[in-house]
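Asker: Using only what follows, build the 3D model:
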Amino acid sequence: MAIKAAFFDIDGTLVSFNTHTVPDSTIRAIDILRSHNIPLFISSGRHILSINNLGNLKFDGYVTINGAMTMVDGKVIHRNCIDKQDVVRANDYMESGNSFPCTFVMDDKLVINYYNDVVDQILLQLNFPHIPQGNLRNLENENIYQMISFFSEETENEIMKQMPGCSSARWSPLFTDIVKKGTSKVMGMEKICEHFGINPDETIAFGDGGNDIEMLQWAGTGVAMGNAEDKVKAVADYITTSVDDNGIFNAVKHLMM
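Answerer: Take a look at the predicted model:
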């Protein structure tokens, strides 16, 4: 079946963790897909305000915040907020002697409660824009789409018990993206496909992190990057080379040329 849509994760897929840029070979692959009139979409854990590393590349739509907000032509076509009681419980827990750095991701801003060495390390690794610091308790009435939470895998189960309406979309041992249960990149991809009248079997998706697993399983063709975690590679239809070794170009060449 012909491919009618391509979805891309950003960090570790389109963008190198080493250079913080899109490799030239990936830009050539994008051009090839465009020459076949294939619409291209982002599918990322980042907020649209935090997508600062794609250069001049243009896309036809954006699945952002791990599927909590989906946009086409600059307009939101779907949103899925965390229930406010879970936001309150999270703040209660952090104020009860169990504090951890946490960023609230809202409609038009991100706010973090505090920084530490782990946060600094991750933001540097991702070349992530600076996040203003503030009191998260004052934001409980805002639409919260995601809580970027810096705690270990070992403590995840205990912390997530405090937010029964949420799930964890972890793609790093150092932090996780907490979203409303049922939210995933697949949710946003479904909305994109409905909007454009595309069958899921006609899609291809590229990813490398744990939050890409469902996306690769859902797409007609799931491509794992060579730098992907083993559990991501295990669900892929095709494993390409790493982002720094022409991974997307090699996949497109193998699958389409």
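Asker: Show me what stretch 99-112 is in contact with.
Answerer: Stretch 99-112 is contacted from outside by 47, 49-50, 65, 68, 87, 90, 94, 113-116, 118-119, 131-134, 136, 139, 142-151, 159, using C-beta atoms under 8 Å, 6 or more residues apart in numbering. Using the backbone N, CA and C atoms, a C-beta is placed for each residue, glycine as well.
Asker: cutoff 7 Å now
Answerer: With contact meaning C-beta atoms under 7 Å, 6 or more residues apart in numbering, stretch 99-112 is reached by 47, 49-50, 65, 94, 113-116, 119, 131-134, 136, 139, 142-151.
Asker: Now do the helices in this structure.
Answerer: Secondary structure of the chain (DSSP state H): helices at 24-35, 84-94, 117-126, 156-160, 185-196, 213-218, 230-233, 247-256.
Asker: Same list, those, but as CSV with distance to Asp73 and mean neighbour count please.
Answerer: Formatted as CSV, the entries for the helices of the chain read as follows, by distance: least, C-beta to C-beta, whole Å; neighbours: other C-beta atoms under 10 Å:
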stretch, distance to Asp73, mean neighbour count
helix 24-35, 17, 16
helix 84-94, 30, 18
helix 117-126, 27, 14
helix 156-160, 35, 14
helix 185-196, 10, 21
helix 213-218, 22, 22
helix 230-233, 31, 15
helix 247-256, 24, 20
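Asker: need those in a markdown table with distance to Lys109 and mean pLDDT, can you?
Answerer: Shown next, in a markdown table, are those (distance: least, C-beta to C-beta, whole Å; pLDDT from 0 to 100):
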| stretch | distance to Lys109 | mean pLDDT |
| --- | --- | --- |
| helix 24-35 | 30 | 97 |
| helix 84-94 | 15 | 97 |
| helix 117-126 | 16 | 93 |
| helix 156-160 | 24 | 95 |
| helix 185-196 | 20 | 97 |
| helix 213-218 | 26 | 97 |
| helix 230-233 | 31 | 97 |
| helix 247-256 | 31 | 95 |
